[in-house]
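S.K.: return a 3D structure for these sequence lines:
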Amino acid sequence: MSHSSTDPLFDPLSDPIGERPTSPPPADEHTAVRGLHVGAPAPTGPPPSSPPPGVRTASAPPPVAPSPAEPRRFMTATDFLDRRDQELALGAATWGWRGRVRRWTGGLVAPAMGPKERAYEADRAAIQKDFDGPRTIAFVNPKGGAAKTTGVLAAGYTFGTVRGGGVIGWDNNETRGTLGIRGARSTHRNTTRELLDDLGRFEDVHQSRIGDLGAFVRSQGDAHFDVLASDERPDVTGVIHAADFAEVHRLLERFYRILLVDTGNNLRAENWLAAADAADLLVVTSTIREDTGYSGLWMLDALQDAGHENLKYKTITVLSDPSPKVDEALARDLVQVYEQRTRGVYRVPYDPALVSGSVVPYAELSAGTRRSWLRACAAMTAAL
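M.R.: Below you'll find the model as predicted:
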């Protein structure tokens, strides 16, 4: 491998073992006359006369010590692999006219990806990044019908399929939520309530396994994430307290990398406040409606007054179209005000698969919906 002489990491003139050059030895006082070493030519001409009174002579600047040579740096094996990974090409285009040209020519003509396809691949790469620990994302808005549940399911599908699993959607409603109803069914009907009653079996961290959670969570199949439903039994009374949330949260963090928490509508509920405190990121969901948009802003005001710091930087907004046609003037107003309050606003188009009220058919989500949620989830990952 050849290297340019201007490459600071591979300077052919630098000392190969990083040793510092030594300075000349100082002159011996017995072998120096008037600052000259023995062997130097003697000065000729009359001796320098003294300057007239009152006239100053310029003194010679002190000698500058040579700067020590910096030790030579080499590219490590890890540096090499990191550089190779950054230089990987995205490949030929598969979208639009570029993709059609590649297919029609059998690959003989293979145009590079266009801007939209490159952005798509960049979002996928962002979602696939590694974390140094589990991450909790809470979907919040105190008004019902604000698309919190469908947002958790769409985000669970996106994170699950792009990352390859390790994701759970948790219905942290203080009473009865609908995440278990909108998600894929299971052979059991266990929920958070039953899990709380049986937490003792998971106390031994060396014996408990993620497979044991299969009796309580509901697999979403090809969507590659699980759902933990809220209490669904009509004959059970009581609520989920903050301590209950903390116990379940600690357990789920042991087995999942991303926790998507669907919250209820009561900001004063203990488990709602516990979820807001534990979340690494808040996602404010709202439809393009004045009442749901106002409710989300009111909630942000309440959290700010309650002492939540840096709220703008730990919150993003997802605005969903509730119908094929929406009030675009209202949409612009909501985008503008939420851009001031959160770190980013992301629009999701209307999709009949999400508003039917039944089990979400993940395979039937439109291309626009999938692309919008990919972009939103990439932003969530960047915020984490």
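S.K.: show me which residues of the host helix or strand of residue 244 are buried.
M.R.: Using DSSP states H and E, residue 244 sits in helix 242-255. Residues of helix 242-255 classed as buried: 242, 244, 245, 248, 249, 251, 252, 255 (neighbour count, 16 or more other C-beta atoms under 10 Å). Every C-beta, even on glycine, is put in place using the N, C-alpha and C of the backbone.
S.K.: go on, stretch 325-333?
M.R.: Neighbour-count burial for stretch 325-333 [16+ other C-beta under 10 Å]: residue 326.
S.K.: please compute how far it lies from its chain's middle.
M.R.: Distance of stretch 325-333 from the chain centroid (C-alpha atoms, centre = their mean, to the nearest Å) equals 29 Å.
S.K.: and that stretch, C-alpha only, in PDB?
M.R.: Provided in PDB are the C-alpha atoms of stretch 325-333 (Å, rounded to 0.1, in the frame of the first residue of the first chain):
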ATOM      1  CA  LYS A 325     -58.900  14.900   3.400                       C
ATOM      2  CA  VAL A 326     -57.900  17.100   6.300                       C
ATOM      3  CA  ASP A 327     -57.800  20.800   7.100                       C
ATOM      4  CA  GLU A 328     -54.400  21.700   5.700                       C
ATOM      5  CA  ALA A 329     -54.400  25.100   7.400                       C
ATOM      6  CA  LEU A 330     -54.900  23.400  10.700                       C
ATOM      7  CA  ALA A 331     -52.200  20.900   9.800                       C
ATOM      8  CA  ARG A 332     -49.800  23.700   9.200                       C
ATOM      9  CA  ASP A 333     -50.600  25.400  12.400                       C
END
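S.K.: hmm, who's touching it?
M.R.: 288, 289, 290, 293, 319, 347, 350 (C-beta atoms under 8 Å, 6 or more residues apart in numbering).
S.K.: next, the fifth one: secondary structure please.
M.R.: Yep, that's residue 319 we're talking about. strand (DSSP: H, G, I helix; E, B strand; the rest coil).
S.K.: average pLDDT across whichever strand or helix holds residue 271?
M.R.: Counting by DSSP H and E, the element that carries residue 271 is helix 270-278. Mean pLDDT, helix 270-278: 95.
S.K.: could you do stretch 117-132 as well?
M.R.: 91.
S.K.: i'd like the first residue to be 593 from this point on
M.R.: New numbering, starting at 593: the last item is stretch 709-724.
S.K.: buried ones in it, by neighbour count?
M.R.: 709, 712, 715, 716, 718, 719.
S.K.: residue 800: which of the contacts of stretch 917-925 is nearest?
M.R.: residue 911 (40.1 Å; C-beta to C-beta).
S.K.: that closest one touches residue 879, doesn't it?
M.R.: Yes - in this structure, residue 911 is within contact of residue 879 by C-beta atoms under 8 Å, at 7.3 Å.
S.K.: what sits in contact with each of those two?
M.R.: Common neighbours of residue 911 and residue 879 (C-beta under 8 Å, 6+ apart) are residue 885.
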